[in-house]
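# just coords:
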């Protein structure tokens, strides 16, 4: 399975500012996924990031709030913009555990714990 | 829309007892089901992956079963240890993405 390095592991930010979260994968992957886990809740998919194309956002998430970059097949960033306390969550990136279109599981990064004050 | 439910939401057991965690899903047209462990404030660690054509998977003290037609999976953890204390999440894959349950938080008392 791929190994993901996610940074930062945690941060405390002022409302109105932005934070960029990075995920580096040790192998090339076509699709990368970004999730949000609000306190006491399960994971919700924010968007799917494909290299060379615009990210695909799920209902309720917009590019202006969560811009995503995918400059190559091993790296992606998620920015949480104009933050409010409601953005306090754990953010996680994920990639398929195998190549191609097989029915693989998924590997997750270690998460970024964001607190907005 | 796929909905995944995990019961119970929380579980506290003495060390050595076997754990039984339940997961149900509403749409049986899944590719696979994955069980994860999450420690507080951390990311997810994959425990077991069961393909839709399989009935169960085993890894050490962990055994997961899948009844796709009835939309159920069960994770068994034998001889629980304090180190098993964590939140356990199940996730089903349909199309390209995962749908998660809310998790079962397990506490194993020494």
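Thanks, I have the structure now. Everything quoted here is computed from the prediction, not taken from an experiment.

# Briefly note if the helix or strand where residue A:79 lies comes near chain B.
In the assignment (DSSP states H and E), residue A:79 maps to strand A:75-80. No. If you take C-beta under 8 Å from any C-beta of the partner chain as the test, strand A:75-80 misses chain B, and the best it gets is 14.2 Å. C-betas here are computed from N, CA, C, even on glycine.

# Let's verify residue A:63: helix, strand, or coil?
coil (DSSP: H, G, I helix; E, B strand; the rest coil).

# now for the strand holding residue A:79, which elements pack on it?
Under the contact criterion of 3 or more C-beta pairs under 8 Å, 6 or more residues apart in numbering or on different chains; DSSP states H and E, strand A:75-80 touches strand A:19-25, strand A:31-37, strand A:43-50, strand A:68-72, strand A:89-96.

# Serialize those strands to JSON lines and add fields for mean pLDDT.
Shown next, in JSON lines, are these (pLDDT from 0 to 100):
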{"stretch": "strand A:19-25", "mean pLDDT": "98"}
{"stretch": "strand A:31-37", "mean pLDDT": "95"}
{"stretch": "strand A:43-50", "mean pLDDT": "94"}
{"stretch": "strand A:68-72", "mean pLDDT": "94"}
{"stretch": "strand A:89-96", "mean pLDDT": "95"}
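
# Adding distance to chain B and mean neighbour count, write these out as CSV.
Shown next, in CSV, are those (distance: least, C-beta to the nearest C-beta, whole Å; neighbours: other C-beta atoms under 10 Å in any protein chain shown):
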stretch, distance to chain B, mean neighbour count
strand A:19-25, 11, 19
strand A:31-37, 7, 23
strand A:43-50, 5, 21
strand A:68-72, 15, 16
strand A:89-96, 6, 24
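
# and the lowest-mean-pLDDT helix or strand in chain B, which strands flank it?
Least confident helix or strand of chain B, by mean pLDDT, DSSP states H and E, is strand B:97-100 with a mean of 90. With DSSP bridges as the test, strand B:97-100 is paired with strand B:86-94 (antiparallel).

# Now do the partner strand and strand A:31-37, the angle between them.
130 degrees (axes from the mean of the first three to the mean of the last three C-alpha atoms, to 10 degrees).

# For the spatially most central residue of chain A, give me its contacts.
With distances taken as C-alpha atoms, centre = their mean, residue A:34 lies nearest the centre of chain A, 3.1 Å away. Residue A:34 sits next to A:45-49, A:66, A:68, A:76, A:78, A:91-94 when contact means C-beta atoms under 8 Å, 6 or more residues apart in numbering or on different chains.

# hmm, back to that, wait, which of the helices and strands packed on strand A:75-80 is closest to residue B:24?
With C-beta to C-beta as the criterion, residue B:24 lies closest to strand A:43-50 of those, at 17.4 Å.

# Which elements pack onto that closest one?
Strand A:43-50 packs on strand A:31-37, strand A:56-57, strand A:68-72, strand A:75-80, strand B:97-100, going by 3+ C-beta pairs under 8 Å, 6+ apart.
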